[in-house]
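Participant: I'd like to go over a predicted model; first the sequence, then the structure.
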Amino acid sequence: MRNPLLEKWEEKLQKIFNQIDHILEEKYGHLYPLRPNRPEKGEGVTPDADGLFDLGVSFSAGLGSQFGPGYVFRVKLATLRKVPEDLIEKIEDEVVGLISKELPNQFPGKELGVARDGHVYKIFGDLDLE
């Protein structure tokens, strides 16, 4: 049985990622063909399972991380084409900016940050469920 406060927290976080996925799909989704087994935008079970962008987020205990526990994510593009590194960096910066802007709206009063943590990005800080 899962903690209902944890479920509420993660629903709010997923809402942010779903909104960002939609923004990215509208802005960049037409630039590259999808992998052959990838459903078109809106045809998958969840927004991270279809279209060009895969923005899954998951909890990490933070072992070995300078930021401690938090929620990690990567910005992945579901294409077989080579995407220029500068475009990937631009999109990653945009995602970090959108998350940073939306976190206070979904989690008022919480001190949360977003930063690169090795090969992933991490949302960290006041993870108290209340």
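Facilitator: Yep, it's here. As the structure is a prediction and not an experimental result, all values here were calculated from the model. Residues are numbered from 1 along each chain as shown.
Participant: what sits against residue 34?
Facilitator: Contacts for residue 34 (Cβ atoms under 8 Å, 6 or more residues apart in numbering) come out as 40, 51, 52, 78, 79. Using the backbone N, CA and C atoms, a C-beta is placed for each residue, glycine as well.
Participant: ok, 6 Å please
Facilitator: residue 78 (Cβ atoms under 6 Å, 6 or more residues apart in numbering).
Participant: So which elements touch the helix or strand containing residue 124?
Facilitator: Using DSSP states H and E, residue 124 maps to strand 120-125. If you count contacts as 3 or more Cβ pairs under 6 Å, 6 or more residues apart in numbering; DSSP states H and E, strand 120-125 packs onto strand 70-73, strand 112-117.
Participant: now the shortest one: mean pLDDT?
Facilitator: In this model, strand 70-73 has a mean pLDDT of 96.
Participant: helices and strands around it, which ones?
Facilitator: With contacts defined as 3+ Cβ pairs under 6 Å, 6+ apart, strand 70-73 has these neighbours: strand 57-60, strand 120-125.
Participant: For it, which strands pair with it and how are they oriented?
Facilitator: Paired neighbours of strand 70-73 in the sheet (DSSP bridges): strand 57-60 (antiparallel), strand 120-125 (antiparallel).
Participant: and the next element down the chain from that strand?
Facilitator: Trace forward from strand 70-73 with DSSP H and E and the next one is strand 76-77.
Participant: contact partners of the helix or strand following that next one?
Facilitator: Using DSSP H and E, the helix or strand that follows strand 76-77 in sequence is helix 85-106. When contacts are defined by Cβ under 6 Å, 6+ apart, helix 85-106 is touched by residues 12, 16, 20, 75, 112, 114.
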